[in-house]
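**Student:** Have a look at this prediction, sequence included:
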Amino acid sequence: MALATPWSRSFGLRVPIVNAPMGGVAGGRLAAAVTAAGGLGMVGMGSVATRELLQTELGHVRGRFGVGLVDWVMRKEPGLLEEALAAGPALLSVSFSTDWSWVGRARDAGIPTVTQVYDSLGARQAVDEGVDILVARGSEGGGHGEVKLAMLPLLDTVLDAVSVPVLAGGGIASARSLAAVLAAGASGAWVGTRLAACPEALTGDGSRRALIAARATDTRVTRVFDVAQERPWPAQYPSRVLTNDFVERWTGREDTLAADRPAREELAASIAADDRRVAPVTAGEAVGMISDAASVGEVIEAMCSGAERLLARWT
């Protein structure tokens, strides 16, 4: 496989793929598999991150790896940032930031930084604060993020706004989508949903089956799971998930849900029972491109070799 970009070569990657650090999905085994396939594997610490959880997942990494943190979680968990920096990652991702002091901490440790952005203003601000790499995260992406622009229009405006490497995130799960963002000028792809269905991910069996069975039109942006689980995500960052009974019942009624203890207990029981009619399954619109539970190596090989052929043909 010869697929590469100037950034991926300079960063020591064989292929321009970085896995999105999805909380509860991107553990050490997934990171190790992505790195073994030639990309950069990221260990994701999501809404329930602790130092102990990070230590556990780092015990499964092999080779180079990155760490992804959520800003508000990092700030309520003393020592989490320090633990991440002490692990010596090749890349530190912090998103949903309100305070940029973590950038200087990482720079002092010699660790490159990356963050998600949603428009040109946010891109320029992040670069002005010293962030080394940006992820242009489109509204079709799974998980939390601002709903502003689809990935390709966003990528276009961010590439015009800054000169640092820009990774494309949202809707990338096939050779065609990977080739498209590379042709548009992205330095690499930030891949989430497709890798969530791989056996190396922390994804539960019920969620994996749901991802494989879902259509591209089966996702919805909502805050209901954050509200029901009393997770203090800022309202500007809802989450794209697979639509299910709980989403249909409560989206638009978040204030009522916050006071409905039986509904919250139902959700907790459904998560424990792996009942995906109620429990959340994070997924972006690329979910319709998933047809099996292929391994990380197989997925990355298919995406990259296919994209290479397409780009060669277009050239």
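**Tutor:** Good, I have the coordinates.

**Student:** Run through the helices of the stretch 201-315 of the chain in chain order.
**Tutor:** Using DSSP state H, counting those that start in this stretch, the helices of the stretch 201-315 of the chain run over residues 205-213, 224-228, 245-250, 254-258, 261-272, 296-314.

**Student:** Just tell me which of those ends up closest to residue 105.
**Tutor:** helix 224-228 (27.2 Å; C-beta to C-beta). No exception for glycine: its C-beta is placed from N, CA and C like everyone else's.

**Student:** Restrict the closest one to CA atoms and write it as CSV.
**Tutor:** The C-alpha coordinates for helix 224-228 follow below in CSV (Å, rounded to 0.1, in the frame of the first residue of the first chain):
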residue,chain,number,x,y,z
VAL,A,224,-31.5,12.5,25.6
PHE,A,225,-28.9,10.0,26.7
ASP,A,226,-26.7,12.7,28.3
VAL,A,227,-29.7,14.2,30.1
ALA,A,228,-30.9,10.8,31.3
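
**Student:** how far does that helix sit from the chain's center?
**Tutor:** 19 Å (C-alpha atoms, centre = their mean, to the nearest Å).

**Student:** What is that helix packed up against?
**Tutor:** Contacts defined by 3 or more C-beta pairs under 8 Å, 6 or more residues apart in numbering; DSSP states H and E place helix 224-228 against strand 239-242, helix 245-250, helix 254-258, helix 261-272.

**Student:** Can you give the contact residues for it?
**Tutor:** 47, 232-233, 238-239, 241, 246-247, 250-251, 254, 257-258, 263-264, 267, 280 (C-beta atoms under 8 Å, 6 or more residues apart in numbering).

**Student:** And the residue sitting furthest away from the middle of the chain, how far from residue 243?
**Tutor:** Residue distances from the centre of the chain (C-alpha atoms, centre = their mean) peak at residue 262, which lies 31.1 Å from the mean C-alpha position. Distance from residue 262 to residue 243, counting by C-beta to C-beta, to the nearest Å: 22 Å.

**Student:** before we move on, the earlier item: with respect to burial, which of the helices and strands packed on helix 224-228 scores highest?
**Tutor:** Neighbour counts (mean count of other C-beta atoms under 10 Å) averaged over each of these peak at strand 239-242, with a mean of 22.

**Student:** outside of that strand, which residues touch it?
**Tutor:** 139-145, 210-211, 214, 218-223, 225-226, 233, 247, 276, 280-285, 287.
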